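Student: build me a model:
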Amino acid sequence: MSHGGGEALERLPSDRNELQRKLDSTIRDNRFTIAVFFPAVGAVTLVASAEGVLPDPLAFNPWLLLLGVLVMRSPLIAGVLPVFDRRAAAGIGVLVAYTYAVEIIGVSTGFPYGEFEYGVSLGPMFAGVPLALPVFFIPLVINAYLLCLLLLGDRASSLAVRLGVVIPAVVAMDVVLDPGAVALGFWSFAEGTFYGVPLSNYSGWILSAAVAVVLLDLSFDRDELVSRLRSCDFMLDDMVSFVILWGAINLWFWNPVPAAVAVIFGIGLVRADRFDARLLNPWRD
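Tutor: As a prediction, this is how the structure comes out:
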């Protein structure tokens, strides 16, 4: 083996803890790029695609879209990894299965969200729904859950309080997401009264949010999750990306209510001290 090859092997993480430290360092050193630059470019690219400005094959390119989503999800993934054990894997596995099942039923029957169809390719499909669907849906629930844990503090020890706050927060995230997605043409409903979205969609989201939040609550040791959340400054950067991306898209298409709800989530991030100076100014020492 060459000397250079030996040095490369020496630089590889020796165990899971070292791997986690390197991953944390990489995410932390690139927070601005991941949480601000990527969603800003994503918003411009998606709007340009919807307005017919971006030519093929760049317009709504599903692989570029999935790459961007995975990059923006990376802080959340890195943040959760240290507390992701067999119990969490089992719970998330059930949640993935539920995500596919409810979406397949929704596409086929219109229940529980209302009749809708996809208008833009979101990558490979499985039974009429995007194969990457859990990557789009599950982080919304986790982000809402984590933000509420931070803001609730000691009150989060009550199951009733947790569920009573997190479930509406998840639904509120869809109040931001769905109108923007409909405006882009990602999907469309047969009829809609709220920026092209039927009210039945939100009653469906109450059901899905309740199931998802309960499963998430059962999947993790909450004390360990909160401890990691408080020590990991970038763990909610995916929600920062969400606010920037979908807030900007809703503003462009003049969806004022969804844009305002995005701003409210932004205020929540500020109050949770997750919109810090280093995130917004990468050149600050």
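Student: going forward, measure contacts between C-alpha atoms and count neighbours the same way
Tutor: Will do.
Student: any weak-confidence spans in this protein?
Tutor: Applying pLDDT under 70 to the chain picks out residues 1-15, 276-285.
Student: and L218, how far from V129?
Tutor: The gap separating L218 from V129 is 27 Å, by Cα to Cα, to the nearest Å.
Student: ok, these two, which is more surrounded?
Tutor: V129 (21 against 15; other Cα atoms under 10 Å).
Student: is the more buried one bridged to anything, and to what?
Tutor: Assessed by DSSP bridges, V129 has beta-bridge partners F126.
Student: just checking, it touches E103?
Tutor: Yes. The criterion here is Cα atoms under 8 Å, and V129 meets it with E103 at 6.8 Å.
Student: G247: how many residues sit nearby?
Tutor: Using other Cα under 10 Å, the number of residues around G247 comes to 25.
Student: next: the one 4 residues further on.
Tutor: Per other Cα under 10 Å, the neighbour tally for L251 reads 15.
Student: neighbours around the closest residue to it other than its chain neighbours, how many?
Tutor: Leaving aside its sequence neighbours, L251 sits nearest to A259 (Cα to Cα, 6 or more residues apart in numbering; 5.9 Å). Residue neighbour count, defined by other Cα under 10 Å, stands at 25 for A259.
Student: tell me which element A259 is part of?
Tutor: helix 256-271 (DSSP states H and E).
Student: flag every buried residue along that helix.
Tutor: Counting neighbours by 16 or more other Cα atoms under 10 Å, one finds that the buried residues in helix 256-271 are V257, P258, A259, V261, A262, V263, F265, G266, G268, L269.
Student: try stretch 147-161
Tutor: Using 16+ other Cα under 10 Å as the test for burial, stretch 147-161 gives L147, C148, L149, L150, L152, A156.
Student: now stretch 126-135
Tutor: For stretch 126-135, a neighbour-count test (16+ other Cα under 10 Å) marks V129, P130, L133, P134 as buried.
Student: still on that earlier bit, relative to G204, which of the buried residues of helix 256-271 is nearest.
Tutor: Lowest distance from G204 to the buried residues of helix 256-271 (Cα to Cα) belongs to P258, with 17.9 Å.
Student: what does the helix holding A259 contact?
Tutor: Residues outside helix 256-271 that contact it (Cα atoms under 8 Å, 6 or more residues apart in numbering): 147, 151, 172-173, 175-177, 179-180, 240, 243, 246-248, 250-251, 275-276.
Student: again, but for stretch 194-205
Tutor: For stretch 194-205, contacts defined as Cα under 8 Å, 6+ apart pick out 111-114, 171, 174-175, 178-179, 182-183, 188-189, 191-193, 255.
Student: next, the buried residues of it.
Tutor: Buried-residue list, stretch 194-205, by 16+ other Cα under 10 Å: Y195, G196, V197, P198, S200, N201, Y202, G204, W205.
Student: N255: how many residues sit nearby?
Tutor: 19.
Student: quick check: angle from the top helix by length along the chain to helix 256-271?
Tutor: Ranked by residue count under DSSP state H, the longest helix found in the chain is helix 159-184. With axes from the mean of the first three to the mean of the last three Cα atoms, to 10 degrees defining the directions, helix 159-184 sits at 130 degrees from helix 256-271.
Student: what helices or strands is helix 159-184 leaning on?
Tutor: helix 38-50, helix 133-152, helix 199-219, helix 237-252, helix 256-271 (3 or more Cα pairs under 8 Å, 6 or more residues apart in numbering; DSSP states H and E).
Student: got the contact list for G52?
Tutor: Taking Cα under 8 Å, 6+ apart as the test, what G52 contacts is A59.
Student: wasn't it part of a helix?
Tutor: No. Applying DSSP: H, G, I helix; E, B strand; the rest coil, one finds G52 to be coil, outside a helix.
Student: can you tell me the closest non-neighbouring residue to L177?
Tutor: W246 (6.4 Å).
Student: what about the one you found, how many neighbours?
Tutor: 25.
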